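Sequence first, then the predicted structure, then my questions.
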Amino acid sequence: MKKGHQVTMKEIAKKLGVSVSTISRALKDSPELHPDTKKRIVEMAKEMNYQPNLLAQSLRISRTNTLGVIVPEITSHFFASCISGIQDYANKRGYNVMICQSNETLELEKANIRTLVASQVDGLLISLSRETNQYEHLLDLYNREIPFLLFDRVNEDIPVSRVTFNDEGGAYQVTKHLIETGCKRVMYVSGPEDLYISKKRKEGYLNALKEFGIAPETELVKISDLTTQGNIQVGKEIAEMKTRPDGVFCMIDPVALDILSYWKSIGIKVPEDMALAGFTNNPTSAVVEPPLTTVAQPGYEMGKLAVTHLLDQLDGIASDDPISIVLETTLIPRQSSKVFK
């Protein structure tokens, strides 16, 4: 253990194989616990030289009734919906919300966290940027016992609660739909491979191929950096393929919409030449020509559940032990995938 390292309740919990909330109750001499359990925990705390984090305790007692929220981009319809749910349900519980955007960069995500912690928010709700492929800043929050929760774009190795969609199931649904409408070669256009949603949606895509006995092909998976320029570049590469796919599933609607726009500019017809589908049900997807097949995600509901669980943890209603909340998605078939064979 590093010199000067302050032992946390989480470390004691890991050592004894019990929950953090059990450690907390034992150190507060709670009557709910068996005396032997309390004794074992207190002895281990002494052995590990545990010292209560007085700063963290004082922050919990003298609450600011403010939460910090970090999203990749505020202008996104999906994240705007999440923020709306967070704000509404935080306000109902007497909390204000400070909102920051990482602008899809790791450095700004770190800076946002520093700013919000310095503002003494009671807890944080974070959706990771597309650049986030290292997690020391999150582990630092965890080790400092600053309450936070991850939503939508998460990392499964950070031991905090998270709220996600059934990304794998939604991707399976849309890929299956493309196959059932007549597509024989379905492509998946992913975002950066480190993103949780990129991996989960790829798993759903591959599951659907397997169910229909279709062998995956390396050239039928492409990666975009999720910028407009990057999306158009992928659309160009698909258009120039010697053997094009007959169906393309994009990880998020903005990728599909940029590709659709580029294809129209060079005379590729959707769905006649290639079917196209997205994921997120961006409002624009319903009004483009042709309307885009997609998967709906209830962003407002995600925000509501995320903030409710974090506040329940802060108020001692819910355990500090991490849980995973998974919301279901809904396939919305539209004209962009009506392939006529």
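In hand now; what should we look at?

mind listing the helices in the stretch 201-341 of the chain by residue range?
Assigned by DSSP state H, counting those that start in this stretch, the helices in the stretch 201-341 of the chain fall at 228-239, 253-265, 299-314.

Tell me which of those helices approaches Ser198 most closely.
helix 253-265 (11.1 Å; C-beta to C-beta). The C-beta positions use only the backbone N, C-alpha and C, and glycine is treated the same way.

quick one: buried residues of the closest one?
For helix 253-265, burial by neighbour count (16 or more other C-beta atoms under 10 Å) applies to 253-260, 262-263.

ok so, going back, take the helices of the stretch 201-341 of the chain and lay them out in JSON lines including distance to Leu139 and mean pLDDT.
Output for the helices of the stretch 201-341 of the chain, formatted as JSON lines (distance: least, C-beta to C-beta, whole Å; pLDDT from 0 to 100):
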{"stretch": "helix 228-239", "distance to Leu139": "30", "mean pLDDT": "98"}
{"stretch": "helix 253-265", "distance to Leu139": "31", "mean pLDDT": "98"}
{"stretch": "helix 299-314", "distance to Leu139": "18", "mean pLDDT": "96"}
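
Of all the ones you listed, which one is nearest Leu331?
Of all the helices of the stretch 201-341 of the chain, helix 253-265 sits nearest to Leu331, with 13.4 Å by C-beta to C-beta.

if we look at that closest one, which residues are touching it?
189, 191, 224, 226, 228, 231-232, 234-236, 238-239, 248, 250, 269-270, 273-274, 276-282, 284-285, 288, 292, 294, 336 (C-beta atoms under 8 Å, 6 or more residues apart in numbering).

Please pick the buried ones from these.
Applying 16+ other C-beta under 10 Å to the contacts of helix 253-265 flags 189, 191, 224, 226, 231-232, 234-235, 238-239, 248, 250, 270, 274, 276-282, 285, 288, 292, 294, 336 as buried.

Following the chain past the lowest-mean-pLDDT helix or strand in the chain, name the next helix or strand.
When each helix and strand of the chain is scored by mean pLDDT, DSSP states H and E, helix 54-61 comes last, with a mean of 51. Note on helix 54-61: by DSSP states H and E, the next helix or strand toward the C-terminus is strand 66-71.

What's the mean pLDDT across stretch 267-287?
Stretch 267-287 carries an average pLDDT of 96.

do the same with stretch 7-26
On average, stretch 7-26 scores 81.

Buried residues, that stretch. List them.
Across stretch 7-26, burial judged by 16+ other C-beta under 10 Å covers 7-13, 16, 18-26.

List the ones among those residues that fall in helices.
By the criterion of DSSP state H, membership of the buried residues of stretch 7-26 in helices covers 9-13, 16, 20-26.

For Glu217, grab phi and psi.
phi -120, psi 130 (degrees, to the nearest 10).

Leu138 versus that one, what's the distance?
The span separating Glu217 from Leu138 equals 36 Å under the rule C-beta to C-beta, to the nearest Å.

Could I get the contacting residues of Thr175?
By C-beta under 8 Å, 6+ apart, the neighbours of Thr175 are 186, 188, 204-205, 207-209, 249.

Now name the helix or strand holding it.
helix 167-180.

What residues sit buried inside that helix?
167-179.

how about the strands of the stretch 151-300 of the chain, start to end?
Assigned by DSSP state E, counting those that start in this stretch, the strands in the stretch 151-300 of the chain fall at 162-165, 186-190, 221-223, 247-250, 275-277, 294-296.

And the closest residue to Pro245 other than its chain neighbours, what's its pLDDT?
Excluding the flanking residues, the one nearest Pro245 by C-beta to C-beta, 6 or more residues apart in numbering is Met187, at 3.9 Å. Model confidence at Met187, given as pLDDT, is 98.

Report the separation between Met187 and Leu220.
The gap separating Met187 from Leu220 is 4 Å, by C-beta to C-beta.

Looking at these two, which is more packed in?
A direct count of neighbours by other C-beta atoms under 10 Å for Met187 and Leu220 places Met187 higher, at 24 against 21.

Report the contact partners of that one.
Counted by C-beta under 8 Å, 6+ apart, Met187 has contacts 220-222, 238, 245, 247-249.

Try it again at 10 Å.
178, 205, 217, 219-222, 234, 238, 241, 244-250, 274, 276 (C-beta atoms under 10 Å, 6 or more residues apart in numbering).

try Lys338
Per C-beta under 10 Å, 6+ apart, neighbours of Lys338: 181-182, 270-272, 275, 290, 293.

run the last query once more with 8 Å
Lys338 neighbours (C-beta under 8 Å, 6+ apart): 181, 271, 275, 290.

What about the residues you listed, which one has the most neighbours?
When neighbours are counted by other C-beta under 10 Å, Ala275 leads those with 25 neighbours.

so it touches Gln335, yeah?
No: in terms of C-beta atoms under 8 Å, Ala275 does not count as a neighbour of Gln335; the distance is 9.8 Å.

tell me, what's touching those two both at once?
Joint contacts of Ala275 and Gln335 (C-beta under 8 Å, 6+ apart) are Thr293.
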